[in-house]
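In: Give me the fold of what follows.
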Amino acid sequence: MADPGTDANDVRVANDAFYKALSAGSIEDISAAMPTDRRLPEIATVK
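Out: Just a heads-up that it's a prediction; the model follows:
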């Protein structure tokens, strides 16, 4: 089982990186700070 303290710290670090990039106004840095959802292509595919 994952350590809840570690998970919370990972979320905090990701949030800090996102908001730092957001305040700098850099689209590239914002994109880099956001987690990727590997399911997106499957969800977005129209059949």
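
In: Only C-alpha atoms from now on, for both contacts and neighbour counts.
Out: OK.

In: average pLDDT across the one helix or strand Ala32 maps to?
Out: Taking DSSP states H and E as the definition, Ala32 sits inside helix 27-33. Computed over helix 27-33, the mean pLDDT rounds to 72.

In: what residues does that helix touch?
Out: Residues from elsewhere that reach helix 27-33, judged by C-alpha atoms under 8 Å, 6 or more residues apart in numbering: 14, 17-18, 21-22.

In: Of those, which is the nearest to Thr6?
Out: Minimum distance to Thr6 across the contacts of helix 27-33 is 12.3 Å, recorded for Ala14 (C-alpha to C-alpha).

In: Pop out the phi and psi values for the closest one.
Out: Dihedral pair for Ala14: phi -60, psi -40, per degrees, to the nearest 10.

In: Likewise for Ser23?
Out: When read as degrees, to the nearest 10, the backbone of Ser23 gives phi -70, psi -30.

In: Just give me the neighbour total for it.
Out: Ser23 is flanked by 9 other residues according to other C-alpha atoms under 10 Å.

In: Can you read off the pLDDT for it?
Out: Predicted confidence (pLDDT) for Ser23: 81.

In: So it versus Ser31, what's the distance?
Out: Separation of Ser23 from Ser31 (C-alpha to C-alpha, to the nearest Å): 13 Å.

In: picking that back up, pull out the buried members of the contacts of helix 27-33.
Out: 17-18, 21-22 (16 or more other C-alpha atoms under 10 Å).

In: export those to a markdown table and tack on secondary structure and distance to Asp10?
Out: Compiled in a markdown table, the buried ones among the contacts of helix 27-33 are given as follows (DSSP: H, G, I helix; E, B strand; the rest coil; distance: C-alpha to C-alpha, whole Å):
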| residue | secondary structure | distance to Asp10 |
| --- | --- | --- |
| Ala17 | helix | 11 |
| Phe18 | helix | 12 |
| Ala21 | helix | 17 |
| Leu22 | helix | 18 |
